[in-house]
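*Asks:* Provided below are the primary sequence and the corresponding predicted coordinates.
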Amino acid sequence: MSIISKDISKAVSLLNAEDIVAIPTETVYGLAGNIYSEKAINSIFKTKQRPFFNPLIVHIPSLDYLEKIVEHVPKKAELLANAFWPGPMTLVLKKKNTIPDVITAKKDTVAVRVPNHPLTLELLKQLDFPLAAPSANPFSSISPTTAEHVEAYFKNTIKMVLDGGACKSGIESTIIGFENNQPIIYRLGSTPLEAIEEVVGKIEIKNSSADLNQSPGKVQPNAPGMLERHYAPKTKTILTDNLKEEIEKNIGKRIGLLVYSDIFDENYVAFKFVLSKEKNLQEAASKLYDALHQLDKQDLDIIIAEKFPDEGLGKSINDRLSRATKD
Ligand code: TXA
Ligand code: MG
């Protein structure tokens, strides 16, 4: 029997009973539990096979709720929350003592956001507690953007996926931390860099994939999840700005192509996924993980992915694709 359901009241009962439920957000599906329940939080880590050093994001119903979670809100955090919540932006702020250590991996900061999905906002309003929710995929696998992706991963280990359709943004939230009250991007994501800079001015990026490439293994991660091989198909994947050359190098193999919009010469290609015929970055981002899920099922020898323009959501897409290429 399918674990996919639209029944919010069922999700409420399970969560009140300290169980976990997969929930839709505008970015990716999350695996959610009561932040104050040790039992629920342990099941999240166990189900995902996630190491405990990797802290979770706390999902709250509204900006007003923030004061129950954090000690102090820097001026620029307030500006960002006002501009982007509900939405795909996570703020890392000084935590209140009441936030359990297991949520934050013993850090004195907590990651928090108001997700922009009507079903999950309604769910949060019906609960007396916020929801911790990492992406609903096994550790290091591709994030899920449909209820069916989650079901394929966890049909034997969880009781319910709350069905909210396909995620509109399609890549994870942008994570912003604060050092000396100044914002710093810890993870590129669905809120584009340029939109953030319009609100708070020029902003530094730490732990972009570029940082990781320069000194692999040496960077102390600000968002600990970011050092892992992540968002990764099982098929060997490469990212290139010269598709033709890479295809030629791999003739004879079963090649899968992941391209932005170009209708490319397909002679040597077994499977091709075009992310946006109209060259719309938003559309491309929303389809990215579904494309990787589909490519991974085609029994390919190699996935050749086209590098995106280095602007707006293109930067975030390139970040995810470059992580998908790591062995
Ligand atoms: O879009 C999203 O953010 C999705 C949806 C479900 O909300 N969630 C998500 O969660 O991507 P997850 O667990 O896959 O990624 C959370 C990231 C990790 O890289 C983690 O290290 C970082 O947030 N993080 C959590 N708490 C942190 C903290 N206190 N300081 C720094 N990074 C933190
Ligand atoms: Mg994740």
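*Replies:* Yes, it's here. Ligands and ions are numbered 1, 2, ... in the order given.

*Asks:* all strands for the stretch 51-200 of the chain, in order.
*Replies:* All strands of the stretch 51-200 of the chain, identified by DSSP state E, counting those that start in this stretch, fall at 57-59, 89-94, 109-113, 131-132, 161-162, 174-179, 182-187.

*Asks:* pick the most buried one from the ones you listed.
*Replies:* Among the strands of the stretch 51-200 of the chain, ranked by average contacts under mean count of other Cβ atoms under 10 Å, first place goes to strand 131-132 (a mean of 28). C-beta coordinates here come from the backbone N, C-alpha and C atoms, glycine included.

*Asks:* from the chain's centroid, how far away is that one?
*Replies:* Strand 131-132 sits 15 Å away from the centroid of its parent chain (Cα atoms, centre = their mean, to the nearest Å).

*Asks:* need the three-state assignment for residue 295.
*Replies:* Following DSSP: H, G, I helix; E, B strand; the rest coil, we place residue 295 in the helix state.

*Asks:* how about the strands of the stretch 51-200 of the chain, which one is nearest residue 275?
*Replies:* Nearest of the strands of the stretch 51-200 of the chain to residue 275, taken as Cβ to Cβ: strand 174-179 at 19.7 Å.

*Asks:* now do the closest one against strand 182-187, angle only.
*Replies:* 140 degrees (axes from the mean of the first three to the mean of the last three Cα atoms, to 10 degrees).

*Asks:* what mean pLDDT does strand 174-179 get?
*Replies:* What strand 174-179 shows for mean pLDDT is 97.

*Asks:* which helices and strands does that strand pack with?
*Replies:* helix 75-84, strand 89-94, strand 182-187, helix 193-200 (3 or more Cβ pairs under 8 Å, 6 or more residues apart in numbering; DSSP states H and E).

*Asks:* and it, C-alpha only, in PDB?
*Replies:* Provided in PDB are the C-alpha atoms of strand 174-179 (Å, rounded to 0.1, in the frame of the first residue of the first chain):
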ATOM      1  CA  THR A 174      20.200  29.100   0.700                       C
ATOM      2  CA  ILE A 175      21.900  29.000   4.200                       C
ATOM      3  CA  ILE A 176      23.100  32.200   5.700                       C
ATOM      4  CA  GLY A 177      25.200  32.400   8.900                       C
ATOM      5  CA  PHE A 178      26.400  35.500  10.800                       C
ATOM      6  CA  GLU A 179      29.900  36.400  11.800                       C
END
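
*Asks:* ok, the closest residue to residue 281 other than its chain neighbours to residue 280 distance?
*Replies:* Excluding the flanking residues, the one nearest residue 281 by Cβ to Cβ, 6 or more residues apart in numbering is residue 313, at 4.1 Å. Separation of residue 313 from residue 280 (Cβ to Cβ, to the nearest Å) stands at 9 Å.

*Asks:* show me which of these two is the more surrounded one.
*Replies:* More neighbours surround residue 313 than the other of residue 313 and residue 280, with 28 against 14 (other Cβ atoms under 10 Å).

*Asks:* how near is the more buried one to ligand 1?
*Replies:* To ligand 1, residue 313 is 14 Å away according to Cβ to the nearest ligand atom, to the nearest Å.
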